[in-house]
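Q: this one's structure only:
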């Protein structure tokens with residue numbers, strides 16, 4: 001063993017970088033801690049003997065000092081085993097470890113006192129001075145405790161210094177049990193990232209009150225002045241401390257004053273995994289700053305519709321579709337069919353679903369929604385009760401350059417699924433649409449608007465099929481934070497690379513919502529919809545993309561246009577400055593939930609819409625971009641191209657185009 005240690009030492013000294021690197025050291029094995037503890041107890045016995053000899057000549061001589069010391073050491077070893085004082089990782093020592101040391105050393109003291117008096121009653125002489133045992137108790141506990149404390153501090157120092165990090169002086173917003181638990185978790189974190197210097201609360205407290213020996217300070221609407229007093233550079237928020245509006249104001253104040261903001265979930269919500277609790281405190285993300293309270297919907301309604309039913313999710317491997325799959329799976333459906341044309345994402349989702357829901361009967365199907373024969377075979381083999389249609393091409397510039405593909409997936413794919421839903425008696429068909437379908441300025445938005453028009457017209461025409469009515473429902477919302485291709489992950493990647501953060505226009509604004517919120521809306525629409533409606537979510541105030549980028553840069557700890565540049569690239573083809581959720585002709589009705597509205601659109605004649613859709617699909621098969629877009633504009637008079645090569649097709653004024661379409665529709669009806 002000695003040879004091995006010597007060899008390792010030689011290799012270390014011969015290495016190119018011979019500096020001591022404690023980051024590579026693992027924890028001491030138990031036997032090493034045990035031997036060190038024995039050495040410290042032995043040292044305490046020797047120190048005790050020296051003190052006793054120096055203080056008084058009147059010590060007991062029944063046994064020699066070496067034998068007395070050996071009895072003390074063996075007694076301590078016994079209680080080291082009993083209380084397992086050597087079992088913990090030294091650098092993670094906590095109050096529990098200190099308590100074990102107290103119990104072990106105190107038990108040793110009591111045992112030695114008992115032995116001492118038993119010997120006295122038997123032979124009339126004592127082995128130890130009780131005062132000497134007390135001195136030994138104090139010295140042994142102090143040495144054992146200081147050893148652990150020293151290892152912790154040295155490890156922490158080298159871990160921080162050698163990483164080039166520094167401990168952030170932080171305050172916690174709130175002074176409740178959750179805030180105290182977070183502070184406690186951070187105090188025992190190693191290596192430490194934060195030094196908690198106080199608690200901020202809106203409740204008035206006595207100036208002398210302290211928690212964990214830290215001051216509790218009252219704040220009003222801003223907090224940067226209190227942080228300056230406490231010399232703090234970071235703030236830790238918890239979920240229950242304040243409303244979204246208050247949180248937004250606090251974060252604005254912090255970002256304006258170069259204060260870092262971190263977010264901590266409720267302690268009661270922390271999952272039971274191997275990750276230390278303190279490590280779950282993360283830098284605040286832009287998703288945490290939605291300027292509204294999150295939507296909460298009724299679970300019972302969805303249970304009645306989904307439990308024990310066969311559910312189809314198209315586009316199931318996408319960001320929206322996969323979240324719909326996760327939420328539907330929680331309602332214990334009879335069968336869950338997940339369809340997508342992207343092989344690798346679908347495979348990854350399959351692994352996830354099979355791991356999380358082992359008892360769920362699932363079918364994963366690779367298929368393009370434009371493949372009508374493949375879809376029909378699927379409907380024949382499975383008695384589908386509910387369809388969630390999330391399959392779509394959604395990237396505006398790509399669809400502007402490839403309109404025939406937008407037609408194939410967004411229009412023909414929707415038509416295929418809708419027709420089959422009616423043919424095979426599907427109860428509910430929920431289509432995921434977009435705010436870009438309102439007064440569209442690009443091919444992608446126009447293709448989604450055409451799909452909306454088709455399913456609405458089909459719903460109102462179902463009586464001709466003499467079939468059980470399929471309820472066609474449309475959900476329409478804005479940009480989804482964190483979805484594939486959305487601006488937030490793009491900005492995050494650009495910031496990680498050091499910039500620049502690219503924005504198409506300084507005045508561009510968008511509505512935002514989170515992926516779980518979007519999918520909750522889709523599921524809720526399926527339960528409350530009676531057919532033909534467009535469900536619109538109250539998404540709060542629109543967000544200026546420039547402000548979003550600036551906040552993300554600041555939240556990452558950088559200074560905009562200093563550490564990370566913001567670059568204006570110009571509007572992309574088909575892009576407009578702002579999006580709408582409803583057009584001028586669409587009326588709205590309230591629902592049982594204040595955050596959800598119903599848009600009542602003008603009812604279109606199915607024969608007319610179907611004829612136009614068929615012409616658009618046939619035109620797309622010829623791969624002539626201008627002709628495809630022209631056919632789309634014939635169907636959707638409000639489709640005015642913006643910053644696009646198709647603007648030349650908008651020479652006919654909007655009103656004339658609309659009148660022409662109305663005349664065509666009247667002829668069809670006659």
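A: That came through, no problem. In this text the structure is predicted, and so the values were computed from the model without any measurement.
Q: by contact count, what packs against the strand or helix carrying residue 263?
A: With elements taken from DSSP states H and E, the one containing residue 263 is strand 260-264. Secondary-structure packing of strand 260-264 (3 or more C-beta pairs under 8 Å, 6 or more residues apart in numbering; DSSP states H and E): strand 234-238, helix 244-256, strand 282-283. All C-beta atoms are positioned from the backbone trio N, CA, C, and that covers glycine.
Q: Where in this protein is the helix or strand with the lowest mean pLDDT?
A: Scoring the helices and strands of the chain by mean pLDDT, DSSP states H and E places helix 2-14 at the bottom, with a mean of 44.
Q: re the thing from before, okay, now the sheet partners of the strand holding residue 263, with direction.
A: Looking at strand 260-264 with DSSP bridges, its partner strands are strand 234-238 (parallel), strand 282-283 (antiparallel).
Q: Can you name the residues that contact residue 141?
A: By C-beta atoms under 8 Å, 6 or more residues apart in numbering, the residues touching residue 141 are 101, 102, 105.
Q: So it lies in a strand, does it not?
A: No - Residue 141 is assigned helix when assessed by DSSP: H, G, I helix; E, B strand; the rest coil, not a strand.
Q: could you say which helix or strand contains residue 125?
A: Taking DSSP H and E as the definition, one finds residue 125 inside no helix or strand.
Q: Next, the nearest residue to it once chain neighbours are set aside: phi, psi?
A: Closest residue to residue 125 apart from its sequence neighbours, by C-beta to C-beta, 6 or more residues apart in numbering: residue 62 at 4.8 Å. Main-chain dihedrals, residue 62, degrees, to the nearest 10: phi -60, psi -40.
Q: which residues touch residue 62?
A: 119, 123, 125, 126, 127.
Q: Can you give me the distance of it to residue 406?
A: Residue 62 sits 99 Å away from residue 406, going by C-beta to C-beta, to the nearest Å.
Q: all strands for the stretch 351-500 of the chain, in order.
A: Counting by DSSP state E, counting those that start in this stretch, the stretch 351-500 of the chain has strands at residues 362-366, 386-389, 428-434, 471-477, 479-481.
Q: Where neighbours are concerned, which of the contacts of residue 141 has the most?
A: residue 105 (27 neighbours; other C-beta atoms under 10 Å).
Q: Might you list the low-confidence residue ranges for the stretch 251-400 of the chain?
A: 265-299 (pLDDT under 70).
Q: same thing but at 80, please
A: Residues of the stretch 251-400 of the chain meeting the criterion pLDDT under 80: 252, 255-258, 263-302.
Q: So the residue nearest to residue 334 when sequence neighbours are not counted: helix, strand or coil?
A: Closest residue to residue 334 apart from its sequence neighbours, by C-beta to C-beta, 6+ apart: residue 308 at 5.0 Å. Under three-state DSSP, the three-state class of residue 308 is coil.
Q: Now the buried members of the contacts of residue 62.
A: 119, 126, 127 (16 or more other C-beta atoms under 10 Å).
Q: Looking at the residues you listed, which is nearest residue 625?
A: Of all the buried ones among the contacts of residue 62, residue 625 sits closest to residue 127, with 101.9 Å by C-beta to C-beta.
Q: mind checking pLDDT for the closest one?
A: We have a pLDDT of 82 for residue 127.
Q: if we can go back for a sec, next, the angle from the strand holding residue 263 to helix 244-256.
A: If you take axes from the mean of the first three to the mean of the last three C-alpha atoms, to 10 degrees, strand 260-264 sits at 150 degrees to helix 244-256.
Q: Provide the count of other residues in contact range of residue 400.
A: A count of nearby residues for residue 400, using other C-beta under 10 Å, gives 24.
Q: Next one: it from residue 571, what distance?
A: From residue 400 to residue 571 the distance is 12 Å (C-beta to C-beta).
Q: Wait, residue 85 touches residue 144, no?
A: Yes - with contact defined as C-beta atoms under 8 Å, residue 85 reaches residue 144; the gap is 7.4 Å.
Q: So the two - more neighbours on which side?
A: It is residue 144, of residue 85 and residue 144, that has more neighbours when counted by other C-beta under 10 Å, with 25 against 22.
Q: can you put the strands of the stretch 351-500 of the chain in TSV and add mean neighbour count?
A: Listed next are these as TSV, based on neighbours: other C-beta atoms under 10 Å:
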stretch	mean neighbour count
strand 362-366	16
strand 386-389	26
strand 428-434	25
strand 471-477	25
strand 479-481	22
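Q: coming back round to it: mutual contacts of residue 85 and residue 144, please.
A: Contact criterion C-beta under 8 Å, 6+ apart; residues shared by residue 85 and residue 144: 37, 101.
Q: isn't there a strand covering residue 171?
A: Yes - counting by three-state DSSP, residue 171 is located in a strand.
Q: Look at it and report its pLDDT.
A: Per-residue pLDDT puts residue 171 at 85.
Q: The strands paired with strand 260-264: lowest mean pLDDT?
A: Ranked on mean pLDDT, the bottom entry among the strands paired with strand 260-264 is strand 282-283, at a mean of 66.
Q: Would you confirm that residue 409 contacts residue 389?
A: No - under the criterion of C-beta under 8 Å, residue 409 is not in contact with residue 389, lying 11.1 Å apart.
Q: Low-confidence stretches in the stretch 101-250 of the chain?
A: Ranges of the stretch 101-250 of the chain meeting pLDDT under 80: 148-167, 174-193, 202-209, 212-213, 220-222, 238-250.
Q: next helix or strand past the strand or helix carrying residue 524?
A: Per DSSP H and E, residue 524 falls inside helix 515-528. Moving toward the C-terminus from helix 515-528, the next helix or strand (DSSP H and E) is strand 534-537.
Q: I'd like to know which elements the helix or strand just after that following strand is packed against.
A: Going down the chain from strand 534-537, the next helix or strand is strand 543-544, by DSSP H and E. Packing partners of strand 543-544 (3+ C-beta pairs under 8 Å, 6+ apart): strand 509-510.
Q: Any idea how far the strand it packs on is from the middle of the chain?
A: Relative to the centre of its chain, strand 509-510 is centred 23 Å away, using C-alpha atoms, centre = their mean, to the nearest Å.
Q: What mean pLDDT does it get?
A: Average pLDDT, strand 509-510: 77.
Q: What of stretch 642-662?
A: 67.
Q: Stretch 56-64 too?
A: Here the average pLDDT along stretch 56-64 is 74.
Q: Over to stretch 563-576?
A: 79.
Q: Can you tell me what sits against that stretch?
A: For stretch 563-576, the surrounding residues in contact (C-beta under 8 Å, 6+ apart) are 396-397, 399-401, 441-445, 494-495, 498-506, 508, 546, 549-550, 553, 556, 558, 560, 577, 641-645.
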